[in-house]
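# Next one to model:
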Amino acid sequence: MAKSKNYSQKENRYRIKITKNGPYLVSGGAPLSEQSMCVDTEEQCHGWKEGKKYPAPKNYALCRCGHSQNKPFCDGSHLKVKFDGTEKADRSPYLEQAGAINGPGLKLTDAENFCAGARFCHRAGGVWKLTEESGNPDARQKAIEEACDCPSGRLVIWDQNGKAIEPDLKPSIGLVKDTQTGKMGPLWVRGGIPVESADGTTYEVRNRITLCRCGKSAHKPFCDGRHSK
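Residues are numbered from 1 along each chain as shown. Down below sits the predicted model:
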């Protein structure tokens, strides 16, 4: 695991531009691959496995409405279905949206609005309980694993020095595959790739976020887990 980085000061050759009622335009040739949620022997989500890698030309468009016949790429279906892609997400910084739990060995911040329903936080009693028990080395390790497996960045774990403990994610885009439900999930944007709104505003740049690609989220552009319902 790597410590947190100040992505607001980091140059990144990749970028995602949200178009009004249309696709995500990816520039710079960001790597694109399927990312499957792993399930352990107790039927709990635990870890990730990379799958199919897609060609990543310098510029490409990813479906945002959920109706493309050429997923994950856009085929213009948003025009046929008159897709409403209005962005309604809270644009305030993550820490302004998050609550906090202080444990004996770790601190957990939790911004529920970012939840993509990936369920990594349920194992061994849940990340909240594990944080409260983080004076125990085993509980501490499990809490770190669960928070770092969270693709949306809803959950962030912090050490006793106030430093975020973050997975070391290279700039790339993952196509989430939920092996338990058989559903295709959101776009997992990793490694601090900037995402620009249709109105030109850049969202807070973070190590991990999830963008809706089923077209149903009430918190566009972010995923809210409705793809699994």
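
# how about residue 31, what does it touch?
Going by C-beta atoms under 8 Å, 6 or more residues apart in numbering, residue 31 touches 53, 56, 170-173. In short, each C-beta sits where N, CA and C put it, glycine included.

# List only buried entries from the residues you listed.
For the contacts of residue 31, a burial check counting by 16 or more other C-beta atoms under 10 Å picks out 56, 171-173.

# for the top strand by length along the chain, packing partners?
If you go by DSSP state E, the chain has its longest strand at strand 45-54. Secondary-structure packing of strand 45-54 (3 or more C-beta pairs under 8 Å, 6 or more residues apart in numbering; DSSP states H and E): strand 32-39, helix 137-149, strand 172-178.

# give me the low-pLDDT residue ranges for this structure?
1-11 (pLDDT under 70).

# Spit out the contact partners of the residue nearest to residue 222 when sequence neighbours are not counted.
Nearest residue to residue 222 in three dimensions, chain neighbours excluded: residue 89, at 5.1 Å (C-beta to C-beta, 6 or more residues apart in numbering). The neighbours of residue 89, taking C-beta under 8 Å, 6+ apart as the test, are 113, 203, 219-222.

# Quick one: these as CSV, columns for neighbour count, distance to residue 177 and secondary structure too.
Putting the contacts of residue 89 into CSV (neighbours: other C-beta atoms under 10 Å; distance: C-beta to C-beta, whole Å; DSSP: H, G, I helix; E, B strand; the rest coil) gives the following:
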residue, neighbour count, distance to residue 177, secondary structure
113, 15, 24, helix
203, 20, 24, coil
219, 17, 21, coil
220, 19, 21, coil
221, 26, 20, coil
222, 26, 19, strand
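
# Kindly indicate which of those residues lies nearest residue 187.
residue 221 (9.2 Å; C-beta to C-beta).

# Wait, the closest one touches residue 87, no?
Yes - Residue 221 lies in contact with residue 87 (C-beta atoms under 8 Å); the separation is 5.5 Å.

# anything in contact with each of these two?
18, 197.

# what's the helix or strand for the residue nearest to residue 222?
For residue 89, there is no host helix or strand (DSSP states H and E).

# what does residue 157 give?
strand 155-158.

# Pull up the pairing partners for that strand, direction included.
strand 107-110 (antiparallel), strand 164-166 (antiparallel) (DSSP bridges).

# Now those in a markdown table, please, with extra columns for distance to residue 73 and mean neighbour count.
Formatted as a markdown table, those follow (distance: least, C-beta to C-beta, whole Å; neighbours: other C-beta atoms under 10 Å):
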| stretch | distance to residue 73 | mean neighbour count |
| --- | --- | --- |
| strand 107-110 | 34 | 20 |
| strand 164-166 | 29 | 18 |
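
# want to throw the contacts of residue 31 into JSON lines with distance to residue 24?
Below are the contacts of residue 31 laid out as JSON lines (distance: C-beta to C-beta, whole Å):
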{"residue": "53", "distance to residue 24": "18"}
{"residue": "56", "distance to residue 24": "13"}
{"residue": "170", "distance to residue 24": "19"}
{"residue": "171", "distance to residue 24": "15"}
{"residue": "172", "distance to residue 24": "14"}
{"residue": "173", "distance to residue 24": "9"}
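
# Understood, closing this out.
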